[in-house]
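Colleague: Sequence and computational prediction follow.
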Amino acid sequence: MTLLERFADPDLIVQMEFSQKVLASTYVALLGMGITFLALILLWGVIEIQSRLVAGIDKKTEAVKVAPKAKAPEVKAAVTEDLELVAVITAALAAATGQPMNQIVVKNIRRIAGEQPAWKSAGINAQFFKRM
Amino acid sequence: MTLLERFADPDLIVQMEFSQKVLASTYVALLGMGITFLALILLWGVIEIQSRLVAGIDKKTEAVKVAPKAKAPEVKAAVTEDLELVAVITAALAAATGQPMNQIVVKNIRRIAGEQPAWKSAGINAQFFKRM
Amino acid sequence: MTLLERFADPDLIVQMEFSQKVLASTYVALLGMGITFLALILLWGVIEIQSRLVAGIDKKTEAVKVAPKAKAPEVKAAVTEDLELVAVITAALAAATGQPMNQIVVKNIRRIAGEQPAWKSAGINAQFFKRM
Amino acid sequence: MIQAITNFYSSTGFSAIDIGQVLMIIISAVLIYLAIKKGYEPLLLLPIAFGMLLTNLPLAGMMDGAVYDSTGAMAQPGGLFYYISQGNKLAIFPPLIFLGIGAMTDFAPLIANPKSLLLGAAAQFGIYITFFGAILSGLFTAQQAASIGIIGGADGPTAIFLSSKLAPELLGPIAVAAYSYMALVPVIQPPIMKALTTKEERMIKMDTLRSVSKLEKILFPIVVTLVVSLIVPPAATLVGMLMLGNLFKESGVVARLEDTAKNALINIVTIMLGVAVGATATAEKFLQIETIAIIALGVVAFGFGTAAGVVLGKIMNKLSGGKINPLIGSAGVSAVPMAARVSQVVGQKENPSNFLLMHAMGPNVAGVIGSAVSAGVLLSLFG
Amino acid sequence: MIQAITNFYSSTGFSAIDIGQVLMIIISAVLIYLAIKKGYEPLLLLPIAFGMLLTNLPLAGMMDGAVYDSTGAMAQPGGLFYYISQGNKLAIFPPLIFLGIGAMTDFAPLIANPKSLLLGAAAQFGIYITFFGAILSGLFTAQQAASIGIIGGADGPTAIFLSSKLAPELLGPIAVAAYSYMALVPVIQPPIMKALTTKEERMIKMDTLRSVSKLEKILFPIVVTLVVSLIVPPAATLVGMLMLGNLFKESGVVARLEDTAKNALINIVTIMLGVAVGATATAEKFLQIETIAIIALGVVAFGFGTAAGVVLGKIMNKLSGGKINPLIGSAGVSAVPMAARVSQVVGQKENPSNFLLMHAMGPNVAGVIGSAVSAGVLLSLFG
Amino acid sequence: MIQAITNFYSSTGFSAIDIGQVLMIIISAVLIYLAIKKGYEPLLLLPIAFGMLLTNLPLAGMMDGAVYDSTGAMAQPGGLFYYISQGNKLAIFPPLIFLGIGAMTDFAPLIANPKSLLLGAAAQFGIYITFFGAILSGLFTAQQAASIGIIGGADGPTAIFLSSKLAPELLGPIAVAAYSYMALVPVIQPPIMKALTTKEERMIKMDTLRSVSKLEKILFPIVVTLVVSLIVPPAATLVGMLMLGNLFKESGVVARLEDTAKNALINIVTIMLGVAVGATATAEKFLQIETIAIIALGVVAFGFGTAAGVVLGKIMNKLSGGKINPLIGSAGVSAVPMAARVSQVVGQKENPSNFLLMHAMGPNVAGVIGSAVSAGVLLSLFG
Ligand code: NA
Ligand code: NA
Ligand code: NA
């Protein structure tokens, strides 16, 4: 049975001499500080490496972003959302006017006062389209 | 022991022949789709019946609503709420002016800017009057 | 075994006579109302005493509050918060302008439109400085 | 093929449903109607009623316990409601509800006028008269009678707490009766209040309540916890959690905890407690002569509690030289804030410039403490 | 000194990690990437993936059970995930998720057009064809095959509920497959939908849905609970909680409970359910030939479900005289609301003025009920 | 009658209260005062103190275990705190708190300046010097000494996590000491910081931190989890949950979960954890010579941690050629964000244009990771 095992046993520690306790405690302190430093130094290294890799990726991405292709998905998303808005508006108009939906064609949506507030689109998405 | 019982036993299924498994699986598929369709068709029927019943009730209610009596409870509720508001305002005035409450008579409350916002009444109700 | 003990035993209560049950129930009712009144009367007394003590303390505090010293901690808190605001603003400016932080000195902060809304400071505190 | 259809039929609820379950489903539908259309304490009655509906669906096994094989390993987990109902069985949910209620309650009207505590005590009389009646009916043990009596406390979580401990088999009807009568307070109380008071008494205007300092509000929950728990130790759980919630509110330094106690936490627990209470109301437990007795005794409880509060209000009015409107006594039954509103409405009918609401809030919240104390007494006698 | 270093090294994860765990950590990193960057159902995939990462860290013991000494006293509590995973093992979490989903779901499009229920039933065909395939692969027991089949239900909580009961050892891969394919619905469905329909069919415009009264919306959850639970009792837990949540929403009298069910409660349970599902995906359980079979069978399930929905849509269109766009049939697989959006998008490509979204929501929510029913059937056969 | 009064008296708390309980109630009142009036970490100290008050009320039985009859059936459920305290006993609550803290914490200052990690490691020295002292006092086992040492980690959940596992009997005094000293950081640290630094050092201005990209912030929690858990596997639970919460925040795709983790969930768990910790502080456990030793050792822990951080800060300043203000070293003890504020305030006193706050946040959050690592080491040695 090693010193540390006896130290870790609540029944045996009371029989240990003062000097043994000092020794064991010193060992624990050294080990503890050592591992703590080791772990955080390793982490430091990994984060440094990661930062450089990411910096590299970011530069590439920026270069790519200049190309016109990059904007496509965003536009598409906007269109999709607009189409959904059209669908919702059509349904609302149909319900309000009592006309069958296929008689109504929403030709154009103009947003009043520029940007649609973010919470609104978030709300619609959350209410209509987001669940688990 | 039926085919299905053996099929459902993790220890016995390994001994079953391929053709038996095909048979049992087919049975499960037919049963499963059958019950699923049965349940949802029944539900369809019940909802159709319910819709007609509700449509009937709604018509009756609308007819009843035309009668002057129908508005009574609403008015009463409004009065009750107003009385509570009077109580709260009286208490607030009394507290603010330091006069005893029975010296103050609130004779009339006029809402400024028309409608009281819904959240306000909700808030008062929740804070003062709603608990479990 | 006392009457009450037999009364409290689901197996023995069925053997009790009607008159015994009346007696035991009366006892329970008297005891229950008695203790309930006792507890709430005691509470009444304690609250009365407390109110008087607090009224005394409040008077003293008010007296103390007149002394100029009382305002010191509040001012200090405000200063601390302002310093933090300066720190945050400096950091933000540095980040925005790309200059090293020690090149920027924020000399004065003037709040526009008077009071900073409470929620804002609460928000900053919660986000930056409050955790468990 | 016919075999398959027979097998399938015997696996459906149609093959196993009995008349009791049909009745219970109808009862739960009525309760859902009352909760939604009539607004009877919907926050609890709706979950209770739906739990009742689900627990009475044959073969659904929502309340089945877990099944273990011969080695002691779990062969089949229990039903959802079996696990949720542990929170009531172990008396965990009601104190958590009280934590949230404490965070919502303003005790200032009681601190400003601590005499109200007497009215909150008097109105507990309904508990004991109902206990008396339940015993004399010969249908109930003392434990059951105590649980039925507590309906007169007009306080849902207290009733559920005590019933879970003393008579879990009656939890369903007791909870349903308690919440139904709490919703019916505006119907039950006014005739009793009018019968016991004169027009002059009902017209009495009361002095404005003094303002209460922050320090008093902070000390109050600590003092109440100490005094009540020392006199009636079994009341410590309910009163302690109520007062911890109130301390969250009044201290002003833990707004996060106050907010969660009175919103997310109380709502989650309310849903769980509600469906779990409803889940105990199976046909074989609910459709008993005892349930009818409980329904009947419940209204007795509310009536006598109201009357006792009003009568003590009259006495206090006499002793104070006409400064106390006896109508605030009925608010002592708790049923916060409904009973206080009833005092206000009845008082205002006689005298439109009479505002009793704040004065009635004192006895009203005192009634919550009063029924918790009475629950503690009953628990120490029969627990 | 060398001894100490050796001791320390053997206490680190580096000494104990095996190739399987490394692979699992890489897989979890890929899933995190898909959840964050590609937006694959991140609400569940992110917790699942992180749970997977943590459970595969050697010596961390996140899933270890409690250790008891010879006297039966607990010597060492279990790992965090061991306790959290009880909520799945005991089938508590999925019904609570359904409570929240019910509080978020608008069934009006289904009530307005209850024929949609047929499409919600047809699309469950994927479940059974996959069951068939899983059995014939010879790799799985009937319990396992049923759990794999339910991936075709395209409904996460239902899949987790059934797998936890029938085949907990496969919970990890089944949940990952279910949520991944739900995220991939916009990729999987369109080609099938186009292959099975003509351009004319895809261009069909549908009549506006009638408006639905409040009373109908309130009755709906009660009626669905009764009908479904009586026909398939084991479905009562899932359907009942879904409908209780919906009743909270539609009744309008318990806004507090509705809010908590669809926010705080569902979010808390989602976190717990997610990490607990991920925690079951240890290397030795996940890195099996069965997992690859499950992934393969899962796509089959979605494909056949989509196809069956569309085919029934075509038939119903014929019978109705051309008034039903078959594209809404594919929404019957559930995967709410993604599948309904896909119907909308595919329909609009042919005819920009065609708005199928609301019409597709009917089959879409019907599919949730349909898979719960099918789960109930499988549970009664193999539970 | 006299018999009845005697019986009643013996049922009250007055008959059973002992001097120890009176003392504990006074101590809890003092802690409530400190929490409310002095603002000492009220979010935890208030629930702890109130739990302490309730647990020391005689005969209230808030911490009693369940009573079983001879057949093994439950005769009487346990007290409320008995059930709530299982969340600490099973080490469930602290990791859930860490989940919420992770969702609130911005690690950008640490990512921008990862050298800060060294300071976060150095400041853990207080843990080990206190461990040393506790052992040499002869009063404690190694498990207890480790739990006392972790007070020096200046991190409440970590201290509760470790104590619950290694020395649950000391949980009360350790938690009280940890939170009290965290509140006292602005008193304890400045003299030590001034004594160990020169005026020139304190006046050093540091370069602006670089901005950190979103990708780095997303990778950070994953990388930290992997590295720390592989080196010190027992730290995986705490660090993993902290980092999962942070991933919720930084990923930006699960705002619902982030919100719940840092609001409803953390608040609910905080209430439960707080009262449960307080509930362990019964008179017989708390009023011991050991408690005084723990209070004394706690301040040693904070002092040495602060000193070690500042000394390493001085060394790093030397090595970097004067670019690091050693005052940020003291923030390495954690006590987020109090210790970082202290660095800011002390630095600004010497040089009003010196803004160390953001630089001190790096070591500050590194200290959280550092104490979790140290807790893991102690757990692997003595668990
Ligand atoms: Na009461
Ligand atoms: Na489905
Ligand atoms: Na630390």
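Modeller: It's in. Numbers count the residues shown, from 1 in each chain, chains lettered A, B, ... in the order given. Ligands and ions are numbered 1, 2, ... in the order given.

Colleague: domains of chain A?
Modeller: A:3-63, A:74-109 (automatic domain parsing).

Colleague: For D:Val311, give me the pLDDT.
Modeller: On pLDDT, D:Val311 comes in at 96.

Colleague: Likewise for the one 4 residues further on?
Modeller: D:Ile315 is assigned 95 on the pLDDT scale.

Colleague: Can you give me every residue that contacts the residue of the stretch 101-250 of chain D found nearest ligand 2?
Modeller: Residue of the stretch 101-250 of chain D nearest ligand 2, by CB to the ion: D:Gly172 (34.7 Å). For glycine as for every other residue, the C-beta is placed from the backbone atoms N, C-alpha and C. If a contact means CB atoms under 8 Å, 6 or more residues apart in numbering or on different chains, then D:Gly172 has D:Met52, D:Val277, D:Gly278, D:Thr280, D:Ala281, D:Thr282, D:Lys285, D:Phe286 as its contacts.

Colleague: hang on, the earlier thing: worst mean pLDDT among the domains of chain A?
Modeller: Ranked by mean pLDDT, those end with domain A:74-109 in last place, scoring a mean of 47.

Colleague: who's in contact with D:Tyr9?
Modeller: Contacts of D:Tyr9 by CB under 8 Å, 6+ apart are D:Ser15.

Colleague: can you tell me how far it sits from chain F?
Modeller: 37 Å (CB to the nearest CB, to the nearest Å).

Colleague: Can you classify that residue by secondary structure?
Modeller: helix (DSSP: H, G, I helix; E, B strand; the rest coil).

Colleague: mind checking how far it is from chain A?
Modeller: D:Tyr9 is 35 Å from chain A, by CB to the nearest CB.

Colleague: Regarding D:Ala75, what is its secondary structure?
Modeller: D:Ala75 is classified as strand under three-state DSSP.

Colleague: closest point of chain A to ligand 3, which residue?
Modeller: A:Thr36 (9.8 Å).

Colleague: Repeat that for chain D.
Modeller: For chain D, CB to the ion, closest residue to ligand 3: D:Arg256, 23.0 Å.

Colleague: I figured that residue hits F:Leu46, correct?
Modeller: No: D:Arg256 is beyond contact range of F:Leu46, at 11.2 Å (criterion: CB atoms under 8 Å).

Colleague: Neighbour count for these two, which is higher?
Modeller: For D:Arg256 versus F:Leu46, the count of surrounding residues by other CB atoms under 10 Å in any protein chain shown is larger for F:Leu46: 27 against 21.

Colleague: in what helix or strand does that one lie?
Modeller: helix F:42-55 (DSSP states H and E).

Colleague: That helix - what's its average pLDDT?
Modeller: For helix F:42-55, the per-residue pLDDT averages 95.

Colleague: Distance of the most centrally placed residue in chain D relative to D:Lys262?
Modeller: Note on chain D: the residue nearest the mean C-alpha position is D:Gly156, at 1.4 Å, using CA atoms, centre = their mean. Using CB to CB, to the nearest Å, D:Gly156 is found at 16 Å from D:Lys262.

Colleague: Check D:Leu273 too.
Modeller: 15 Å.

Colleague: who's more crowded, the two?
Modeller: More neighbours surround D:Leu273 than the other of D:Leu273 and D:Lys262, with 30 against 23 (other CB under 10 Å).

Colleague: Tell me the spatial nearest neighbour of that one, not counting adjacent residues.
Modeller: Once flanking residues are discounted, D:Leu273 sits nearest to D:Phe93: 4.1 Å by CB to CB, 6 or more residues apart in numbering or on different chains.

Colleague: For the one you found, give me its contacts.
Modeller: Counted by CB under 8 Å, 6+ apart, D:Phe93 has contacts D:Gly87, D:Pro157, D:Ile160, D:Val269, D:Met272, D:Leu273, D:Ala276.

Colleague: which one of these sits closest to E:Thr208?
Modeller: D:Met272 (41.0 Å; CB to CB).

Colleague: Tell me who's in contact with that closest one.
Modeller: D:Ile84, D:Gly87, D:Phe93.

Colleague: The residues you listed: which ones sit near ligand 1?
Modeller: Restricting these to those touching ligand 1 (CB under 5 Å from the ion) yields no residues.

Colleague: Next, format the residues you listed as a markdown table and append secondary structure and pLDDT.
Modeller: Listed next are those as a markdown table, based on DSSP: H, G, I helix; E, B strand; the rest coil; pLDDT from 0 to 100:
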| residue | secondary structure | pLDDT |
| --- | --- | --- |
| D:Ile84 | helix | 95 |
| D:Gly87 | helix | 92 |
| D:Phe93 | helix | 96 |
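
Colleague: The helix or strand harbouring D:Leu119 close to ligand 1?
Modeller: Take DSSP H and E as the rule and D:Leu119 turns out to sit in helix D:116-122. No: Helix D:116-122 stays clear of ligand 1 (CB under 5 Å from the ion), getting no nearer than 7.0 Å.
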